[in-house]
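> Here you go, sequence then predicted model.
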Amino acid sequence: MILGALAILAIVLIVVAVIQIFKPGPSPFTPTPPPTSPSKERPQAQPADCPDVLTLVVPGTWESSAGDDPIHPTANPRSLMLRVSKSLQGAFADQPGRTEVYTVPYTAEFRNPTNLGDRQADYNVSRTQGYKRAAGKIIATNKHCPLTRYVLLGFSQGAVIAGDLASNIGNGRGVLDPADKDLVLGVGLIADGRREPGEQHDIGPSPDGVGAEVRLAGFGGLVPGITMTGSRNGGFGELSDRVQSICAPGDLICDAPSVTNPLAALAKLSNAAANPIHALYATTSHWEYEGASATQWMYGWARAVIDGAEQPEHE
């Protein structure tokens, strides 16, 4: 009798385990809808040359240049974000005006503080230039195209920039009028150096660690030109439900280890773009979701967001 009951219990447990193992996970390409009711009056139509969606792409360290072509970038043909931006341009090639894919041209460098011969631009200079150019593009577009929506994408240093833009918009600190927050449809970040688990949608597998800028924040401006800015004030604010973040476990940019020697950590950070984990988000060797690499996932998610965007009237 007891053996029979135990056998039945074992069968039930096996069935439950099998169900859990094969239970389908959430679709990685389902966008979170923004608020449907804008909080201010807008015109009924916008100029004919305005895109429905501006897809703003910010490349990572060594993946851009200040003079690059924002529509057809060539500074680094192996840029990780090109895998996403070119695919999006191809996907909407037969829908003129649906989206403008704009890759922010900026210095994209990080000088190694322990190498006196390193003539790259300081991180602060590079990051500031990238932020100002990205913000300027959004401001100019919003002024001319008040009904255009936005998708922000970034990798590595570019993820810090795109994330900072989202944080400022989401907390009403500029770039867009606070009443225009609903125009931001989504933000996709790969290897964000200011990442903190739980501040956004963390696409698994997602480590518990934090970004290097958060980990090193206590050391302030230890090295001139390289300021680790710590946590984002207010996180992503009202945009937190629209931010998707990907970080491979062990990537020291977004999953930084404890620091005992900050100068050595900064030196490693300056070369992190060549780190085996950090450099392989286009493969499934260190991160994958349901068989998709980080770039494949981000493309699929961004395409779904753009597909679902409203189509405003044009004059």
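Noted; the coordinates are in hand. Numbering: from 1, shown residues only.
> switch to C-alpha atoms for all contacts and neighbour counts from now on
OK.
> tell me the secondary structure for residue 73?
The assignment at residue 73 comes out as coil when based on DSSP: H, G, I helix; E, B strand; the rest coil.
> I meant residue 187, not that one.
Secondary structure, three-state DSSP: residue 187 is strand.
> can I assume it is in contact with residue 243?
Yes: applying C-alpha atoms under 8 Å, one finds residue 187 in contact with residue 243, separated by 4.6 Å.
> Among these two, which residue is more densely surrounded?
Higher neighbour count among residue 187 and residue 243: residue 187, with 27 against 24, using other C-alpha atoms under 10 Å.
> who's in contact with that one?
Contact partners of residue 187, counting by C-alpha atoms under 8 Å, 6 or more residues apart in numbering, are 151-153, 162-163, 166, 242-244.
> Give me the distance between residue 63 and residue 141.
24 Å (C-alpha to C-alpha, to the nearest Å).
> between those two, which one's more packed in?
Ranked by neighbour count (other C-alpha under 10 Å), residue 63 and residue 141 place residue 63 first, with 26 against 18.
> Please confirm that that one is located within a helix.
No: the assignment for residue 63, made by three-state DSSP, is coil rather than a helix.
> Would you verify that residue 153 is located in a strand?
Yes: under three-state DSSP, residue 153 sits within a strand.
> Can you give me the separation between it and residue 225?
From residue 153 over to residue 225 the distance is 25 Å, taken as C-alpha to C-alpha.
> For these two, indicate the residue with more neighbours.
Shown here are residue 153 and residue 225; by other C-alpha under 10 Å, residue 153 has more neighbours (29 against 16).
> which stretches of the chain have low pLDDT?
Applying pLDDT under 70 to the chain flags the ranges 1-39, 113-114, 116, 219-223, 258-275.
> What ranges does it have for its strands?
45-46, 53-58, 99-103, 149-155, 184-190, 201-202, 243-246, 313-314 (DSSP state E).
> Nearest to residue 69 among these would be which one?
Smallest distance to residue 69 across the strands of the chain (C-alpha to C-alpha): 7.9 Å, for strand 99-103.
> quick one: contacts of that closest one?
With C-alpha under 8 Å, 6+ apart as the test, strand 99-103 has contacts from 51-59, 69-71, 73, 85, 88-89, 92, 306.
> relative to strand 53-58, how tilted is it?
Direction vectors for strand 99-103 and strand 53-58, defined by axes from the mean of the first three to the mean of the last three C-alpha atoms, to 10 degrees, enclose an angle of 10 degrees.
> in its sheet, what does strand 99-103 sit against?
Applying DSSP bridges to the sheet, strand 99-103 is found paired with strand 53-58 (parallel).
> and the strand it pairs with, C-alpha only, in PDB?
Extracted in PDB, the C-alpha atoms of strand 53-58 (Å, rounded to 0.1, in the frame of the first residue of the first chain):
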ATOM      1  CA  VAL A  53       9.700  56.200 -35.800                       C
ATOM      2  CA  LEU A  54      13.300  57.400 -35.200                       C
ATOM      3  CA  THR A  55      15.500  54.400 -34.300                       C
ATOM      4  CA  LEU A  56      18.500  55.900 -32.600                       C
ATOM      5  CA  VAL A  57      21.500  53.600 -32.500                       C
ATOM      6  CA  VAL A  58      24.600  54.300 -30.300                       C
END
